[in-house]
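Sequence first, then the predicted structure:
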Amino acid sequence: MIVQREVWNDIPLLHVYNEQMNEQSPVVIFLHGFLSAKEHNLHYAYQLVQRGVRVILPDTYLHGERSNEASEDKMNLHFWEIVLTSVKEVHTIYAQLKAKNYLASEKVGLAGTSMGGIVTSGCLAVYPWVQAAGICMGTTSYTKLVMHQVEEMKQREIDLPMSAEEQAGFITMLSKFNLEDHEQNWQGKPIIFWHGMRDTVVPYQMSRDFYDSLDDTHLEAITYLSEEKAGHAVSRNGVLQVTQFVAQHLA
C-alpha cells in the first residue's frame, strides 16, 4: 500500500493506492470528522485498498494541515462553514480525479465519519455523480441537525451569533443539502449507514427515522447498521462492514 501526500487545488490530502491500480480502479473520497485529520482515517483506507479501491483522504477546511489552532468553542462557531466548504471541495477533488485520469470508469464513491458523514450526506443531495456512499454517524437532514444544535445552545444559555431572521434564512439555505429532500440524485444508489444508538453528538434517531420511512423499493439499495451499545465512535465491525459494502458496490 502506497500512502502519498499531495496537494490538489490547495487541498492537502493523502492519496492511498497500490501498484496494481490503474485508471479503471474505483475511487473513494473519504472525509474525516470534526477536529480530526486525514491521517486519522488510514485504517479505512487500508480496508478499501485491500479491496481494490483507490482512496483520497483530504484535510477539511480549518483541520489538519489547514488548522489555525483555534479552540474547540471557536471551531464550533465555524461548523457549518466547514461542512459547506467541504461539500464544495469534494467536487473540486472529483474534477481533479478526472483531470488526472483516475476516473476512466466513473466508479467513484464517498464515505465519512461524523462531520465527514454529514458532508457525504450533503454531497449525495447535490452531486449525481456519486455512485455509492457510506455515512457513519451522519444525518440525512441539515436543517434538522442545525435546529437540534440551536436548541442545545439555548439550553446551555449560549448566545446565538445571528438574529432570528438570519437563522431562518440560514436554515432555508441549508435545506438544499438535505438528502431527504433530493431523492432524484441518490435513488437506486447503494448507501450504507452506520450509527451508534447511544450517540449524543449526532442524534441516531434523525437518520434512523428517515430509513424507517423508506418503502421497499428504496430499501433494496440502502443498508442501515446500528449498534445498541455504541456511542459516537465507529466500532471495528462498523469499519469492516462499511468499507466492504462501498468497495463491493463500486467493483
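Right, received. Where do you want to start? In this text the structure is predicted, and so the values were computed from the model without any measurement.

CA only for contacts and neighbour counts going forward, please
Fine.

Let me see the ranges of the strands in the stretch 151-251 of the chain.
191-196, 222-227 (DSSP state E, counting those that start in this stretch).

wait, I meant the stretch 1-150 of the chain
2-8, 11-17, 27-31, 54-58, 108-113, 132-136.

Highest mean neighbour count out of these?
Most buried of the strands of the stretch 1-150 of the chain by mean neighbour count (mean count of other C-alpha atoms under 10 Å) is strand 132-136; its value is a mean of 29.

follow-up on the earlier one: reformat the strands of the stretch 1-150 of the chain into a markdown table and put distance to Q47 and mean pLDDT next to each item.
Listed next are the strands of the stretch 1-150 of the chain as a markdown table, based on distance: least, C-alpha to C-alpha, whole Å; pLDDT from 0 to 100:
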| stretch | distance to Q47 | mean pLDDT |
| --- | --- | --- |
| strand 2-8 | 13 | 98 |
| strand 11-17 | 11 | 98 |
| strand 27-31 | 12 | 98 |
| strand 54-58 | 10 | 98 |
| strand 108-113 | 13 | 98 |
| strand 132-136 | 14 | 98 |
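
Save these as JSON lines, and put in distance to H40 too.
Listed next are the strands of the stretch 1-150 of the chain as JSON lines, based on distance: least, C-alpha to C-alpha, whole Å:
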{"stretch": "strand 2-8", "distance to H40": "13"}
{"stretch": "strand 11-17", "distance to H40": "11"}
{"stretch": "strand 27-31", "distance to H40": "10"}
{"stretch": "strand 54-58", "distance to H40": "10"}
{"stretch": "strand 108-113", "distance to H40": "11"}
{"stretch": "strand 132-136", "distance to H40": "15"}
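
ok, now which ones touch the residue nearest to N178 when sequence neighbours are not counted?
In this structure, N178 finds its nearest non-sequential neighbour in S141, 4.5 Å apart by C-alpha to C-alpha, 6 or more residues apart in numbering. Residues near S141 by C-alpha atoms under 8 Å, 6 or more residues apart in numbering: S175, F177, N178, L179, E180, M206, S207.

The third one: neighbour count?
What it means is N178. When neighbours are defined as other C-alpha atoms under 10 Å, N178 has 22 of them.

give me every residue that touches S36.
Applying C-alpha under 8 Å, 6+ apart, we find S36 in contact with H63, G64.

so what's the backbone phi/psi at it?
Phi and psi for S36, reported as degrees, to the nearest 10, are phi -100, psi -160.

Then A221?
phi -100, psi -20.
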